[in-house]
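In: this one's sequence-less:
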């Protein structure tokens, strides 16, 4: 109902007002020095706008005071970067000219309108208004008190209107160029892809370790054999250490940009996955053929994670069963296949984030993956090109 009063309670109204008044202080200093050359600040503003760093300074100030809700966001409509072309320099110069005009209008309103209200109150009280403000020559009238709020209402309208105008001008003249928007979008996409990859890393590594621990602990309790329990505890300890190593690798990616892929797990470490599965009671028949050491790091890393998730899926849903693993490097591709008998509550085709992660990993490298029942067995098959796309 009183939405027109909302600007009075909005903090951005007053930060924009401050932004409008700041240039007025500099102009006032110059006019105090030389009243005969009021055009000098206008010329100086145009020249200063051609300095590359001025766009950065104005962008920071405008984003902080005009659009504080966008500060630090990648989708901010006011860019914070120095000029990189003459087009941006001229746009910055034009921005400074528009800012001076708006500052002059807001500055005059800020000084003259409240003074006029004071004069109207003086007129209503029987004192002659000053000759310097808008109420000059009004005389003394009691009804002048009814007009006293009008200049303040006009002041509010001028401040809000100029604030909206200067904000629109900032978005137009200081906003990111199409190239900068595309660069920011690409960076944002890269960040989201990296977060997604890290989430999969944690899911695969920690999920595998917890599955091994649960299976080993359950088997040890059921066996009631001290020797078997000792072996199970040793397997849990070893798997836990490996999971901590993997977790450290993932956290290093978060802490440091450009972590070498060599510090991440690869298929050359597949033996520890197979030994871990064997330690959990699974009968693993593994066959590796081809020059595994020639597989590119990115493909080898994703192949390791696919194998890890496939073995985890077997242990989680089928328990200690016979597992056949085939890893083949030939004809420019890495083929990885894991099969096991369909027993227990093996996951349904397409179900679970782990199986979806296998397909996503393969697709990101330009390969393909199949998961599901096949001839009485559960099959996970991934085919990855040795030269991934992108």
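Out: Perfect, thanks for sending it. Remember, predicted model here, so these are calculated numbers, not experimental data.
In: helix, strand, or coil at residue 286?
Out: Under DSSP: H, G, I helix; E, B strand; the rest coil, the three-state class of residue 286 is strand.
In: contacting residues for it?
Out: Residues in contact with residue 286 (Cβ atoms under 8 Å, 6 or more residues apart in numbering) are 270, 274, 325-327. Every residue, glycine included, has its C-beta placed from N, CA and C.
In: one more pass at 7 Å, please.
Out: Taking Cβ atoms under 7 Å, 6 or more residues apart in numbering, we find residue 286 in contact with 274, 325.
In: where do the helices sit along the stretch 251-390 of the chain?
Out: 270-279, 297-317, 353-364 (DSSP state H, counting those that start in this stretch).
In: could the ones you listed go into a markdown table alongside mean neighbour count and distance to residue 155?
Out: Converted to a markdown table, those look like this (neighbours: other Cβ atoms under 10 Å; distance: least, Cβ to Cβ, whole Å):
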| stretch | mean neighbour count | distance to residue 155 |
| --- | --- | --- |
| helix 270-279 | 19 | 73 |
| helix 297-317 | 24 | 63 |
| helix 353-364 | 19 | 59 |
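In: looking at the ones you listed, which is nearest to residue 335?
Out: helix 297-317 (9.6 Å; Cβ to Cβ).
In: which stretch among the helices of the stretch 251-390 of the chain comes nearest residue 73?
Out: So among the helices of the stretch 251-390 of the chain, helix 353-364 is nearest, using Cβ to Cβ, at 27.3 Å.
In: thinking again about what came up before, please name whichever of the helices of the stretch 251-390 of the chain is nearest to residue 214.
Out: helix 297-317 (8.1 Å).
In: show me what the closest one is packed against.
Out: helix 178-223, helix 270-279, strand 333-341, helix 353-364, strand 377-385 (3 or more Cβ pairs under 7 Å, 6 or more residues apart in numbering; DSSP states H and E).
In: which among these is found nearest to residue 76?
Out: helix 178-223 (8.8 Å).
In: about what we covered before: least reliable of the helices and strands packed on helix 297-317 going by mean pLDDT?
Out: Ranked by mean pLDDT, those bottom out at helix 178-223, with a mean of 69.
In: tabulate the helices of the stretch 251-390 of the chain (CSV), appending distance to residue 27.
Out: Formatted as CSV, those follow (distance: least, Cβ to Cβ, whole Å):
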stretch, distance to residue 27
helix 270-279, 72
helix 297-317, 59
helix 353-364, 57
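In: identify whichever of those lies nearest to residue 113.
Out: Among the helices of the stretch 251-390 of the chain, helix 353-364 sits nearest to residue 113 (Cβ to Cβ), with 62.1 Å.
In: close enough to count as contact, residue 324 and residue 339?
Out: Yes. Contact status for residue 324 versus residue 339: in contact at 4.9 Å, counting by Cβ atoms under 7 Å.
In: the two - which one has more neighbours?
Out: residue 339 (21 against 16; other Cβ atoms under 10 Å).
In: least trustworthy helix or strand in the protein by mean pLDDT?
Out: For the chain, the helix or strand with the lowest mean confidence is helix 178-223, at a mean of 69 (criterion: mean pLDDT, DSSP states H and E).
In: averaged pLDDT, the helix or strand harbouring residue 111. What do you get?
Out: In the assignment (DSSP states H and E), residue 111 maps to helix 86-124. On average, the pLDDT along helix 86-124 is 90.
In: against which helices or strands is the next helix or strand after it packed?
Out: Heading C-terminal from helix 86-124, the first helix or strand you meet, by DSSP H and E, is helix 144-147. Judged by 3+ Cβ pairs under 7 Å, 6+ apart, helix 144-147 is in contact with helix 86-124.
In: quick one: buried residues of the helix it packs on?
Out: 88-89, 91-96, 98-100, 102-107, 109-110, 112-113, 115-117, 119-124 (16 or more other Cβ atoms under 10 Å).
In: ok so, going back, and of the helices and strands packed on helix 297-317, who's closest to residue 134?
Out: Of those, nearest to residue 134 by Cβ to Cβ is helix 178-223, at 45.4 Å.
In: can you report phi and psi for the closest residue to residue 131 other than its chain neighbours?
Out: Spatial nearest neighbour of residue 131, chain neighbours left out: residue 137 (7.6 Å); criterion: Cβ to Cβ, 6 or more residues apart in numbering. The phi and psi values for residue 137, taken as degrees, to the nearest 10, are phi 80, psi 0.
In: do the same with the one 3 residues further on
Out: In terms of degrees, to the nearest 10, the main-chain angles of residue 140 are phi -110, psi 120.
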